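Participant: Sequence and predicted structure, then a few things I'm wondering about:
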Amino acid sequence: MRPTPAPTTLLGAACAALLGGALILAIFGWQIVPPSHTGWMLSGQIGPDPVQYWLGWTYFRLVPWALPPGVNPLFGMELSSSIFYADSIPLLAFAFKALRGLVEVDQYWGMWIVACGALQGWLAWRLIGRLTEAPLARLAGAMIFVLQPMLLNRMGGHFALAGQWLILWGLLLVLSPAGRLRAAGWAALVLAASLIHSYILPMVLALWVADWWSRRSLAEAAIVPAAGIAGLWAAGFFVLGAGHGNDQYGTMQLDLLALFDPAFWGGFLPDLPDPDHPESGSSYLGLGALLLLPFLLFVPPRRRLIPLMLVLAAMLVFAVSHRVTIGGTEIATVPLPDRVVTLFGMLRCSERYVWPLAYALILAGMAGLLRAFGPRWGGFALLALLLVQATDLRPGYARIAHFFPPTADQLPLRLADPFWAQAAQRYHAVRLVPAGNQGRGWEEVAVFAARHGMPTDAMYLARADAGAIDRLRADIAERLAEGRYEPGVFYVLRDPETVELARAGMQEGRDALIQADGLDVLAPDWIVTSTIALTKRIPIASGEGLPPGVPAAPPGLENLDADPQPPRL
């Protein structure tokens, strides 16, 4: 029977969680937390990814439950897949969809970011508890785990990847004595990782292999991977039949100096050359954590940890990739078969696979420091290193403040032309032509469609089937050329070639080419009214202005220039 934790231990764990969440709030601001506040996500200040997450969730909560539960058919139409590929944290999407009717949540990412800080602090407290029971050492050390650029950087846009507490959970399982519920603990962790982000899932599975190797239980070897597969199935991973792999492995690799490169995060050390890819600069440990590394010399080797060290080394090799760089200069290239590059490309940014090693090094450095100074003075030393860490990262905090400025709770649509309000009442779906993943106008059109509850193929998904995109492009191009439009659908045309194609299939007096907010739109069966006089029409075959013989507006359409309230989603 396990002993009941002492009240001071429980209080320390609560303090670690509260302080971890408080640090995140101090860095990112309270305005991200309220579920009704979506302005900070849709402002575009952080980039397109938060818009993608919001769109995935907004459409997902509209559709009835199905099998698998993560399917999301309205977002992308024929190109749709699941909530998994919208990176909308399926674990939370399932929970809040189940609660819909009891509570309306427009966004849950602010709560998630703060919760990740709290869980990071709590699990770091427990990890350091494997080294010492001294409260100061545990609390100060835990906050060094929270103030990590590799964590804070992910909170600045790739929100699901802020779930790095899953890695700490895995390290805790590896370093804890075996118990009867070991397999259940790993199954729960792997299931949670599969429902949060697929990049973290292999890291967790690798840590499980290191722990499982000493037991080699056949039952556990079946149960734990099955939990991950079940989570992926539920989230909709297997809905997409193609488009997972690519040839990007080795293009976002770990530079051998990455842990020491402060880039835009550190204020004390000089910036180092790097490979200059989007992930460069995100693996810096911070000066306080770097000062722990010399204490690795005080850590005696333990045979029991050899499987863990081998697994961490393997992930490091994967992170460095077959294109080895130091200070941004490529010093070696290991030839790999194209199939292997495509397979590894499923995980794209290999640099992230240094995270488990980085956290393990920080923990081992703390172990060495505590061994050298003892629990009491080691606690004061860790507090000093925490202050160094917090001060060193000031440039990073300023950068985050730039991307998370105070924003209105909700923002108006970027498409302000009166045409869009009328189109929302006349049509039930909108397409981008040619179809594709992202591209010109996708964000504005997708947010407009979501606000009005309209299906759309204006989308941004983490993975998309290129073959399905090509087939849809061919089908819609044929429909436009022949004037064979889908009932209730209007089309946003993204290039001059498509505009000319639409001209060829238009019927005068029935269809209209309209330019609104800089976008070219084909509106089939459009009845032009005086309320859209402000829109600029593209000349069609009959000449400038309105098509001849346009019928008058039917009763009830006189005031469509007023922007109607979007339906409650």
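Facilitator: Arrived safely.

Participant: just for this protein, where's the confidence low?
Facilitator: With pLDDT under 70 as the threshold, the chain has low-confidence stretches at 1-8, 243, 527-569.

Participant: Now do the contacts for residue 497.
Facilitator: Under the criterion of CB atoms under 8 Å, 6 or more residues apart in numbering, residue 497 has no neighbours. From N, CA and C alone the C-beta is placed, and that goes for glycine too.

Participant: Shouldn't it be within a helix?
Facilitator: Yes: secondary structure assignment (DSSP: H, G, I helix; E, B strand; the rest coil) places residue 497 inside a helix.

Participant: Against residue 425, how distant is it?
Facilitator: When CB to CB, to the nearest Å is the yardstick, residue 497 and residue 425 sit 30 Å from each other.

Participant: Residue 118 too?
Facilitator: Distance of residue 118 to residue 425, computed by CB to CB: 45 Å.

Participant: can you check residue 72 too?
Facilitator: As defined by CB to CB, residue 72 lies at a distance of 25 Å from residue 425.

Participant: Looking at the two, which has the bigger crowd around it?
Facilitator: Set side by side, residue 72 and residue 425 give different neighbour counts by other CB atoms under 10 Å, the larger being at residue 72 (28 against 12).

Participant: wait, isn't the more buried one in contact with residue 235?
Facilitator: No: distance between residue 72 and residue 235: 10.4 Å, which falls outside the contact criterion (CB atoms under 8 Å).

Participant: which residues are common contacts for those two?
Facilitator: With CB under 8 Å, 6+ apart as the test, residue 72 and residue 235 both reach 82, 83.

Participant: so how far is the host helix or strand of residue 226 from its chain's centroid?
Facilitator: Residue 226 belongs to helix 218-235 when elements are defined using DSSP states H and E. For helix 218-235, the distance from its own C-alpha centre to the chain's C-alpha centre is 23 Å (CA atoms, centre = their mean, to the nearest Å).

Participant: Show me what that helix is packed against.
Facilitator: Under the contact criterion of 3 or more CB pairs under 8 Å, 6 or more residues apart in numbering; DSSP states H and E, helix 218-235 touches helix 90-98, helix 182-194, helix 200-212.

Participant: May I see the buried residues of the shortest one?
Facilitator: Residues of helix 90-98 classed as buried: 90, 91, 92, 93, 94, 96, 97 (neighbour count, 16 or more other CB atoms under 10 Å).

Participant: so it versus helix 182-194, what angle?
Facilitator: With axes from the mean of the first three to the mean of the last three CA atoms, to 10 degrees as the criterion, the two stretches helix 90-98 and helix 182-194 enclose an angle of 80 degrees.

Participant: how big is the angle separating the helix holding residue 226 from helix 90-98?
Facilitator: Using the same axes, to 10 degrees: helix 218-235 against helix 90-98 is 60 degrees.

Participant: mind listing what the most centrally placed residue in the chain touches?
Facilitator: Geometric centre of the chain, nearest residue: residue 158, 3.7 Å, by CA atoms, centre = their mean. For residue 158, the residues meeting the contact criterion (CB under 8 Å, 6+ apart) are 49, 87.

Participant: Next, it: phi, psi?
Facilitator: Note on residue 158: backbone dihedrals following degrees, to the nearest 10 are phi -90, psi 80.

Participant: returning to what we had before: among the helices and strands packed on helix 218-235, which is nearest residue 433?
Facilitator: Checking the helices and strands packed on helix 218-235 against residue 433 by CB to CB gives helix 90-98 as the closest, at 29.4 Å.

Participant: In CSV, please show the C-alpha coordinates belonging to the closest one.
Facilitator: Below are the C-alpha coordinates for helix 90-98, written out as CSV (Å, rounded to 0.1, in the frame of the first residue of the first chain):
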residue,chain,number,x,y,z
PRO,A,90,-9.0,16.3,-30.0
LEU,A,91,-9.0,15.6,-26.3
LEU,A,92,-10.5,19.0,-25.5
ALA,A,93,-12.6,19.1,-28.6
PHE,A,94,-14.4,15.9,-27.5
ALA,A,95,-14.8,17.1,-24.0
PHE,A,96,-16.3,20.5,-24.9
LYS,A,97,-18.5,19.1,-27.7
ALA,A,98,-19.9,16.6,-25.2
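
Participant: Show me what that helix packs onto, helices and strands only.
Facilitator: Packing contacts for helix 90-98, counted by 3+ CB pairs under 8 Å, 6+ apart, involve helix 49-60, helix 218-235.

Participant: Touching the longest one from outside, list them.
Facilitator: The one in question is helix 218-235. Helix 218-235 has contacts (CB under 8 Å, 6+ apart) with 68-70, 82-84, 90, 94, 182-183, 186-188, 190-195, 198, 201, 205, 208, 212, 238.

Participant: Then the shortest one?
Facilitator: Contact partners of helix 49-60, identified using CB under 8 Å, 6+ apart, comprise 38, 40-42, 44, 70, 72, 74-75, 83, 85-89, 93, 96-97, 106-109, 157-159, 443, 446-447, 450, 459-461, 569.

Participant: Over to stretch 260-269?
Facilitator: Under the criterion CB under 8 Å, 6+ apart, residues 149, 153, 255, 270-272, 274, 280-287, 290, 391-396, 399 lie in contact with stretch 260-269.

Participant: of these, buried ones?
Facilitator: The neighbour-count test (16+ other CB under 10 Å) applied to those identifies 149, 153, 255, 272, 274, 280-287, 290, 392-393, 396, 399 as buried.

Participant: if you look at those, which of them are in helices?
Facilitator: Among the buried ones among the contacts of stretch 260-269, the subset assigned to helices under DSSP state H consists of 149, 153, 287, 290, 392, 396, 399.

Participant: burial of the nearest residue to the last one once chain neighbours are set aside, as a residue count?
Facilitator: Nearest residue to residue 399, sequence neighbours excluded (CB to CB, 6 or more residues apart in numbering): residue 264, at 5.5 Å. Other residues lying near residue 264 total 15 when counted by other CB under 10 Å.

Participant: Using PDB, write out every CA atom in stretch 296-304.
Facilitator: Listed in PDB are the C-alpha atoms of stretch 296-304, where the atom choice follows Å, rounded to 0.1, in the frame of the first residue of the first chain:
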ATOM      1  CA  LEU A 296      26.300  16.300 -14.800                       C
ATOM      2  CA  LEU A 297      29.800  15.400 -13.800                       C
ATOM      3  CA  PHE A 298      28.500  14.700 -10.300                       C
ATOM      4  CA  VAL A 299      25.900  12.200 -11.500                       C
ATOM      5  CA  PRO A 300      27.100   8.600 -11.100                       C
ATOM      6  CA  PRO A 301      26.100   6.200 -13.900                       C
ATOM      7  CA  ARG A 302      23.300   3.900 -13.300                       C
ATOM      8  CA  ARG A 303      22.900   0.700 -15.200                       C
ATOM      9  CA  ARG A 304      19.100   0.700 -14.800                       C
END
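
Participant: Can you mark which positions in it are buried?
Facilitator: Those buried within stretch 296-304 under the rule 16+ other CB under 10 Å are residue 299.

Participant: hmm, who's touching that stretch?
Facilitator: Stretch 296-304 has contacts (CB under 8 Å, 6+ apart) with 214, 361, 364, 365, 367, 368, 369, 371, 372.
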